[in-house]
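Q: A structural model of the following input is requested.
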Amino acid sequence: LRIYERRGDGHVFLFTSAHIASDFWSFDLLFDELEILYRGEIQNTQVELPALPYDYWGFVQWQEEMLQSEQGQKLWDYWHKQLDGELPNLDLPTDRPRPSVQTYRGKSHTFQLPDHLANSLMELTRQEGATPFMTLLAAYQILLYRYSGTQDILVGSPTAGRNRAEFEQIFGYFLNPIVLRARLDPEMSFREFLGQVKATVLDGLTFQDFPFPMLVERLQPPRDASRSPLFQASFAWDKPRKLFQYERGEGSFVPPEDVSTLGLLPFALGQQGAAFDLTLMMLSMGDSLSAALQYNSDLFDESTIARMVAHFETLLEGIVANPEEKLAALPLLDREQETSLLRQWNQTELDYPNDECLHQIFEQHAAETPDAIAVRYGEDAISYQELNERANQLAHYIVQQGVSAETYVAIYLEPSPEMLVAILAIHKAGAAYVPLAPGTPLERIGMMLDESAAPLILTQQGLVDTLPETSAMRVCLDQQWDI
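A: Okay, the predicted model is just below:
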């Protein structure tokens, strides 16, 4: 416990505690009692804090007895069924490879939803008979689904762990995460999905007393040192305690008029750790919704998280605008972002050497990165070296057949690696290619062959019978490679 005096600007009150000894509820208890003691000190009155009939050891004993009872079995049966089968990992696109051992270095990106959006979300929540927690959790799970492509999403959420009145005033660590599992169908509307989330949350809260560490121990998920067990993203919802409700005047703190009341204002230090890949913390302050997206800084850059927050806000706008929209069609980009991105993707101008041909530039690239993948086709992958060698082989062959500069060579191929080999080979031979599209009327193909006087047609075995009568030599690249 430390108090720092700030020159001309009040004091900084710093209280630190190991998380194993306390939770945020405990901080509320601490400040409540501190308020009582402070008022007594200011007013010079004797203060006695009420004695507590229970302590933390009483909670531990109750929990052990409960877990060994029929109630404990019911709790386990629910979570065993809810988390049955192979549990998915949340593989979000990251800025850096995931370290082999999970790190806990983290930062936090804070933001506030626009007032109109916060009001619309609250109105939608009321219409659906849900809670703000349920609506925002559903939106968060949709965001994770759209980023990861995973339709089975596990999100952890902390519960207070104080369901019994006798434990509400005890200082200690009662916090217990529950795992909220969502199964998303891209064709499902948001309204339908919110109904699923609502049921999942209500059930999870009903069975929240089963300790999370025991859940991990019994489920025995495959352990991976690079990530947290069961879930890698979490969601928390909170309201500020009355002690932290304050006014601001011209951007500065306005202390309470009653000097016997502690005027406490949260002092932002910034997030220094991250227990999970991502944690979305939503805070309700009157009619406004503030938030912080905590993230593992070894995985994500600040710019990536800022972009994710922008996508989240756009997603929320789309949800309130049309709750019947399909999950796969809900927007992540607004019109301005879409236009900017399309322009960026279409800026494909590159400067090429004016004194080199296409196949020569390709050969240089193949020499620099011979093992890099040049072509993927189905399950097949061809490296730059292999593609260049095959093009060389074909080029030598068609030169042997009389192809030279000023010669036209016809290509009658389905889109395939053979088509790329043929185009490169013809360039290497100094000739020009005539593209003939399969499915084109025979008369049109015949006319193009006659006008080009192509002595050679590079084709595939399955297309030979669809060619018109011609004197041109046919070479089937998928059957005659041995020649």
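
Q: Could I get the contacting residues of His109?
A: Residues near His109 by Cβ atoms under 8 Å, 6 or more residues apart in numbering: 292-293, 295, 302, 305-306, 309. Any C-beta I mention is one placed from the backbone N, CA and C, and that applies to glycine too.

Q: closest to Met447 among these?
A: Ala306 (58.0 Å; Cβ to Cβ).

Q: Which neighbouring elements make contact with the helix or strand where Leu75 lies?
A: Using DSSP states H and E, the element containing Leu75 is helix 70-82. Here helix 70-82 touches strand 176-183, helix 212-219, going by 3 or more Cβ pairs under 8 Å, 6 or more residues apart in numbering; DSSP states H and E.

Q: Okay, buried residues for the following helix or strand past the last one please.
A: Same thing as helix 212-219. Following helix 212-219 in sequence order, the next helix or strand is strand 233-238 (DSSP H and E). For strand 233-238, a neighbour-count test (16 or more other Cβ atoms under 10 Å) marks 233-237 as buried.

Q: Helices of this structure, residue ranges please.
A: Taking DSSP state H as the criterion, the chain contains helices spanning 24-43, 56-67, 70-82, 115-127, 132-148, 190-206, 212-219, 302-321, 335-345, 358-368, 384-400, 417-428, 442-452.

Q: For the ones you listed, give me a markdown table that also has mean neighbour count.
A: Below are the helices of the chain laid out as a markdown table (neighbours: other Cβ atoms under 10 Å):
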| stretch | mean neighbour count |
| --- | --- |
| helix 24-43 | 15 |
| helix 56-67 | 14 |
| helix 70-82 | 14 |
| helix 115-127 | 15 |
| helix 132-148 | 22 |
| helix 190-206 | 18 |
| helix 212-219 | 15 |
| helix 302-321 | 18 |
| helix 335-345 | 10 |
| helix 358-368 | 15 |
| helix 384-400 | 18 |
| helix 417-428 | 22 |
| helix 442-452 | 14 |
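
Q: Contacts for stretch 51-64 next, please.
A: Everything outside stretch 51-64 that qualifies as a contact, by Cβ under 8 Å, 6+ apart, is 164, 166-167, 169-172, 174, 209, 211.

Q: do the same with stretch 130-144
A: 90, 92, 121-122, 124-125, 128, 150, 153, 155, 157, 180, 182, 184, 190, 193-194, 197-198, 201, 233, 235, 237, 278, 280, 282, 284, 289, 308, 311-312, 315-316, 319, 327, 330, 332.

Q: repeat that with 7 Å
A: With contacts defined as Cβ atoms under 7 Å, 6 or more residues apart in numbering, stretch 130-144 is touched by 90, 121-122, 124-125, 153, 155, 180, 182, 184, 193-194, 197-198, 201, 233, 235, 237, 280, 282, 284, 311-312, 315-316, 319, 327, 330.

Q: and Phe267, how many neighbours?
A: 10 (other Cβ atoms under 10 Å).

Q: Name the nearest residue to it, sequence neighbours excluded.
A: Leaving out its chain neighbours, the residue that sits closest to Phe267 by Cβ to Cβ, 6 or more residues apart in numbering is Val12, at 5.8 Å.

Q: can you pull the contacts of the one you found?
A: Counting by Cβ under 7 Å, 6+ apart, Val12 has contacts 4, 6, 267.

Q: And the residues you listed, which is closest to Arg146?
A: Phe267 (35.5 Å).

Q: Model confidence for that closest one, exactly?
A: In this model, Phe267 is scored at 70, pLDDT.

Q: how much space between it and Thr110?
A: 14 Å (Cβ to Cβ, to the nearest Å).

Q: ok, back up a step: who wins for proximity to Val421 among the helices and strands packed on helix 70-82?
A: Val421 lies closest, by Cβ to Cβ, to one member of the helices and strands packed on helix 70-82: strand 176-183, at 44.9 Å.

Q: tilt between the closest one and helix 132-148?
A: Comparing the axes of strand 176-183 and helix 132-148 via axes from the mean of the first three to the mean of the last three Cα atoms, to 10 degrees yields an angle of 60 degrees.

Q: Just the CA atoms of strand 176-183, as CSV, please.
A: Presented in CSV, the C-alpha positions along strand 176-183 are these (Å, rounded to 0.1, in the frame of the first residue of the first chain):
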residue,chain,number,x,y,z
ASN,A,176,-14.2,-18.7,-11.3
PRO,A,177,-14.2,-18.7,-15.2
ILE,A,178,-16.9,-20.5,-17.1
VAL,A,179,-16.5,-21.7,-20.7
LEU,A,180,-19.2,-20.4,-23.0
ARG,A,181,-19.3,-22.6,-26.2
ALA,A,182,-21.0,-21.3,-29.3
ARG,A,183,-21.7,-23.2,-32.5
